[in-house]
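Novice: 3D, please:
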Amino acid sequence: MGLERCGSFLTASYAGRTIACLGGVRRPQKTGTFDPSRGFSTASLDVGIMMRYSYIVAWSVVGGVNLPKDSQPIELYRSEHCRFVLTNTPDDLLAEIDRGSAVGRLMLKGLFGQSKAAKFPVALAAEIGEIKAERAKKAGAQAVLVVEANGQIDATLTKPVGELEDFIVTFDAVDKQAVARIHRDEIEAMKLAVAFESETPSRFASLAEGTYLINEAGKTVYSISFSMSGEATVSTVLSDEGADRISARYAMLQQANDLESVERLFAQMSDYGTDRLKAFLSGWAALEILVAKAFKRYEHAFLSPLTNAGQTTLRESFLDRIKDVMKDKYRLTDKFLAVAAVLFPGAPDNEIQADFDKFKQLKQLRDSISHGEEFSEKNLPVHELAAMLRKYVLAHIATPNPSFNVDAPARSTPVS
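Specialist: Next up is the predicted model:
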């Protein structure tokens, strides 16, 4: 039968861990049914159609911020197609994708087919319980960031379908990577907003991810795909004010039009599964891009004091000439000095000098790695790099809106 045949396919294609991609189709020309006396029946379909989807993903927040044990879930931000929740109790939010993952796992165990139909509901409930227990053990006492996203996407059913009372099961009906890409920018901005609430930015350990579709009758459609395939942290309890800052910071990041690359690279850096070398290189690339973009924005503000005297027109012409001659000659360290001076005009000289010395050390280390020189991966200053990136991103997005950021520099006039 169809699912028996698909069972053979799964065994042949599976090697390593499983990844459940949940999806489906809206109105097939034929549909499989579940008969308690016979199990699953299937029919071959080939239907392409636009469908509603839900994409849910969750990470534990490693270090940085945490929630009190008895805290209620905190909705950090909500838009038309995306919702972000910080919680200690993610199970209810992840229930739909837990069930889809459990179906995939049962298939690999041979517990999904006609001969196992009577035992399937019990096995499904037990498998969902195991998934929850595994997640709770992995998350520990850490807060969990959950993203709920939705929209429409093309779904195509090309494999047999099995239908139960509560959901439909099919294979490879939707491109899960395409779904994730739709919401990547929003998610990366929120991860940065949460991470930068702490002076030691948080990292994120993946807990769950899945996509399912919803047909016109409101029924969940799962599409299963199978593919091959310890460091100390300190957390502080997130206050109500901190949650408000995260929400406002996320809004500012969404409004910024020059930080997409920085957000993407920081997301790579903050992935708790990333090795220290990749984290360091991703973080440095984010900092380098930030400095280059910020310099373009602040160069004039840095040089403008030269025009604050007599013969302003002549001084402006001279300044324009300097900028034209030097536009391809500034070193990265020169740009950093200018950006730091504009973002932190009231900071003590020794503070900015310490930042400059640290920046030079980080650059020298990155250059030595690129030139193939020996280095100690375990001693790479990932946390120091993340702290500097946090300081300058926050100052950059808060200009000229310091009310959104407790670390923003005080100033009487906006920087343009």
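Novice: Give me the neighbour count for residue 297.
Specialist: Neighbour count for residue 297, taken as other Cβ atoms under 10 Å: 15. Every C-beta, even on glycine, is put in place using the N, C-alpha and C of the backbone.
Novice: Check which helix or strand it maps to.
Specialist: Taking DSSP states H and E as the criterion, residue 297 maps to helix 276-303.
Novice: One more: residue 180?
Specialist: Assigning secondary structure by DSSP H and E places residue 180 in helix 176-182.
Novice: State which strand of the protein is the longest.
Specialist: Criterion DSSP state E: the longest strand present in the chain is strand 47-62.
Novice: so what does the next helix or strand after that strand touch, helix or strand wise?
Specialist: Counting by DSSP H and E, the next helix or strand C-terminal to strand 47-62 is strand 64-66. Using 3 or more Cβ pairs under 8 Å, 6 or more residues apart in numbering; DSSP states H and E as the contact criterion, the elements in contact with strand 64-66 are helix 184-195, strand 235-237.
Novice: need the least confident one among those, by mean pLDDT.
Specialist: Ranked by mean pLDDT, the helices and strands packed on strand 64-66 end with strand 235-237 at the bottom, a mean of 68.
Novice: Next secondary structure element downstream of it?
Specialist: Per DSSP H and E, the first helix or strand lying C-terminal to strand 235-237 is helix 240-255.
Novice: next SSE after that next one?
Specialist: Downstream of helix 240-255, the next assigned helix or strand under DSSP H and E is helix 260-270.
Novice: Now do that following helix: distance to the chain's middle.
Specialist: Helix 260-270 has its C-alpha centroid displaced from the chain centroid by 8 Å (Cα atoms, centre = their mean, to the nearest Å).
Novice: buried sites along that helix?
Specialist: For helix 260-270, burial by neighbour count (16 or more other Cβ atoms under 10 Å) applies to 262, 263, 264, 265, 266, 267, 268, 269, 270.
Novice: which residues touch that helix?
Specialist: With contact meaning Cβ atoms under 8 Å, 6 or more residues apart in numbering, helix 260-270 is reached by 184-185, 187-189, 191-192, 195, 201-204, 253, 274, 278-280, 282-283, 285-286, 289-290, 293, 382, 386, 389, 393.
Novice: Break down the chain into its strands, ranges please.
Specialist: Under the criterion DSSP E, the chain contains strands at 34-35, 39-40, 47-62, 64-66, 74-78, 82-87, 144-157, 162-163, 167-171, 203-214, 220-224, 235-237.
Novice: related to what we said a few turns ago, format the buried residues of helix 260-270 as JSON lines; extra columns: distance to residue 398 and pLDDT.
Specialist: Listed next are those as JSON lines, based on distance: Cβ to Cβ, whole Å; pLDDT from 0 to 100:
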{"residue": "262", "distance to residue 398": "15", "pLDDT": "93"}
{"residue": "263", "distance to residue 398": "16", "pLDDT": "92"}
{"residue": "264", "distance to residue 398": "21", "pLDDT": "92"}
{"residue": "265", "distance to residue 398": "20", "pLDDT": "92"}
{"residue": "266", "distance to residue 398": "17", "pLDDT": "92"}
{"residue": "267", "distance to residue 398": "21", "pLDDT": "89"}
{"residue": "268", "distance to residue 398": "24", "pLDDT": "89"}
{"residue": "269", "distance to residue 398": "21", "pLDDT": "91"}
{"residue": "270", "distance to residue 398": "20", "pLDDT": "89"}
